[in-house]
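# fold the following for me, if possible:
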Amino acid sequence: MGYYIVTDLKMSPWAISIYTVIVTVISVGLNKSFGNLIDSGVDVRRLLFISVFSFCCASVILNFGVGYHWLIVLVAPLFALANSSLSVMYTFGRLYAERHHHDVQRYNAFLRMNTSTGWIIGPSIAFGVLGIWGIQASFLVSLLLGLLWMIVWAIAIPDEFRHAANTTNKSTLSGSISFKLRIAAVACMCFAATNILFTASMPIYLIEEVGLPEFTPGMSFAIKCIVEIPVIYWATYLAKRWGDQNVLKFSALLGLVVMLLMTTVKTAPMLAAYAVLEGVYYGLFAGTAVGFMQSFANGRMGRATSIYISSLFVGGMIGTVSVGVVASIYGFIGSIYLAAITACMAFVAVTCLKYSIGVRHTERSE
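Take a look at the predicted model:
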């Protein structure tokens with residue numbers, strides 16, 4: 001979308017930030033609403049249909065072609081509604097795993113692995129089609145994938161799947177967000193900001209500032225994603241053995257080390273080695289964070305999961321907006337140093353929950 005805004009709509013780069021902020025703010029509000037609806041016993045299938053249908057509508061509009069103002073007024077809210085599907089599916093996955101007696105941590109990891117796989121496939125298709133046939137062809141493929149999504153929704157999502165809401169416990173349903181859940185959300189937000197700060201800075205940093213060949217950003221991203229997927233699954237075993245908090249602390253420290261190493265990269269082989277470590281740190285976070293946040297649900301699984309997804313959106317927004325500001329002053333290497341700082345902040349936030357989580361894991365093992 002950023003490429004479309006700048007190259008086809010002929011807008012300045014700041015227009016990307018405005019679009020990103022609008023989509024993120026609406027997504028956060030919708031995630032909260034959808035989480036509350038799930039906790040209140042609303043049919044998951046209906047909520048997911050709203051997201052699928054909104055995605056298809058946004059794709060249709062883009063295929064007809066609109067100016068920037070209509071992009072803000074129509075497309076941004078529709079894509080925000082589509083974004084709510086991520087929160088709905090993670091909550092649905094958790095409830096489905098519990099209802100059918102599956103291993104919850106492994107099921108969460110399975111969902112997260114599929115999300116990462118989508119991130120590998122989606123950008124590759126989008127820019128591959130764009131390079132051959134142009135941006136409108138990419139939007140057409142987007143619509144076709146939306147229709148495929150609609151077919152999968154019709155076949156795979158069970159009818160009348162509802163959370164068995166405890167309507168007798170009014171205090172739980174209407175209670176405020178706990179302090180521990182807020183701190184956990186801050187940690188996830190910092191992880192997301194670290195990832196976006198580096199990902200957004202990497203291409204220009206490697207090519208323009210380091211002087212590496214043009215293929216190296218794509219190579220780095222591919223290696224990171226390939227490593228990330230098995231690590232997500234592996235993280236569930238580590239979480240069971242050492243606890244969610246310890247895995248996330250190690251992930252944050254490794255993220256700090258990786259960001260600092262990236263500021264020293266000189267050759268493609270060095271970059272490849274660091275990309276492997278990047279995949280490990282982010283895979284450990286991705287495979288653990290969903291269950292980590294849900295452990296503070298206190299009977300409100302929909303709300304806890306929606307807060308997790310919202311923390312990723314907010315962290316991504318902070319990272320996206322910060323890149324342009326920091327890079328204009330210190331260069332894109334400055335954005336990577338900032339990513340190291342947010343990784344350190346993630347470590348501090350997770351550590352703040354040490355004692356409460358340590359007690360929870362001790363009691364569970366006993």
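# C-alpha from now on. contacts and neighbour counts both.
OK.
# so His102 is in which element?
Following DSSP states H and E, there is no helix or strand that holds His102.
# neighbours of it, how many?
Residues lying near His102 (other CA atoms under 10 Å) number 13.
# equivalent analysis for Phe92, please.
23.
# need the contact list for it.
Neighbour list for Phe92: Val44 [criterion: CA atoms under 8 Å, 6 or more residues apart in numbering].
# any idea which helix or strand carries it?
helix 76-99.
# following that helix in sequence, what is the next regular element?
For helix 76-99, the following helix or strand on the C-terminal side (DSSP H and E) is helix 104-133.
# distance from the chain centre to that next one, please.
Counting by CA atoms, centre = their mean, to the nearest Å, helix 104-133 is centred 11 Å from the centre of its parent chain.
# the helix or strand just after that helix to helix 104-133, inter-axis angle?
Toward the C-terminal end, the helix or strand that comes next after helix 104-133 (DSSP H and E) is helix 135-156. If you take axes from the mean of the first three to the mean of the last three CA atoms, to 10 degrees, helix 135-156 sits at 150 degrees to helix 104-133.
# packing partners of helix 135-156?
If contacts are counted by 3 or more CA pairs under 8 Å, 6 or more residues apart in numbering; DSSP states H and E, helix 135-156 sits against helix 44-64, helix 104-133.
# moving C-terminal of the first one, what's the next helix or strand?
The one in question is helix 44-64. Assigned by DSSP H and E, the successor of helix 44-64 is helix 68-70.
# may I see the buried residues of whichever strand or helix holds Ala273?
If you go by DSSP H and E, Ala273 is part of helix 268-294. Going by neighbour count (16 or more other CA atoms under 10 Å), the buried part of helix 268-294 is 268, 271-272, 274-294.
# then stretch 194-209?
Judged by neighbour count using 16+ other CA under 10 Å, the buried positions of stretch 194-209 are 194-206.
# next: stretch 294-309.
For stretch 294-309, the buried set under the neighbour-count rule, 16+ other CA under 10 Å, comprises 294-297, 299-309.
# and for it, what are the contacting residues?
28, 31-32, 34-39, 86-88, 90-91, 172-173, 178, 180-181, 185, 188, 290, 293.
# which of those residues count as buried?
28, 31-32, 34-39, 86-88, 90-91, 173, 180-181, 185, 188, 290, 293.
# between whichever strand or helix holds Gly315 and helix 268-294, how big is the angle?
Assigned by DSSP H and E, Gly315 belongs to helix 301-330. Orientation of helix 301-330 against helix 268-294 (the same axes, to 10 degrees) gives an angle of 150 degrees.
# now find how far off-centre helix 301-330 is within its chain.
The answer for helix 301-330 is 9 Å, by CA atoms, centre = their mean.
# and that helix, average pLDDT?
Confidence for helix 301-330, expressed as mean pLDDT, is 86.
# got the angle between it and helix 76-99?
130 degrees.
# for helix 301-330, which positions count as buried?
Within helix 301-330, judged by 16+ other CA under 10 Å, the buried ones are 301-324, 326-327.
# and what of stretch 44-56?
Buried residues in stretch 44-56 (16+ other CA under 10 Å): 44-45, 47-49, 51-56.
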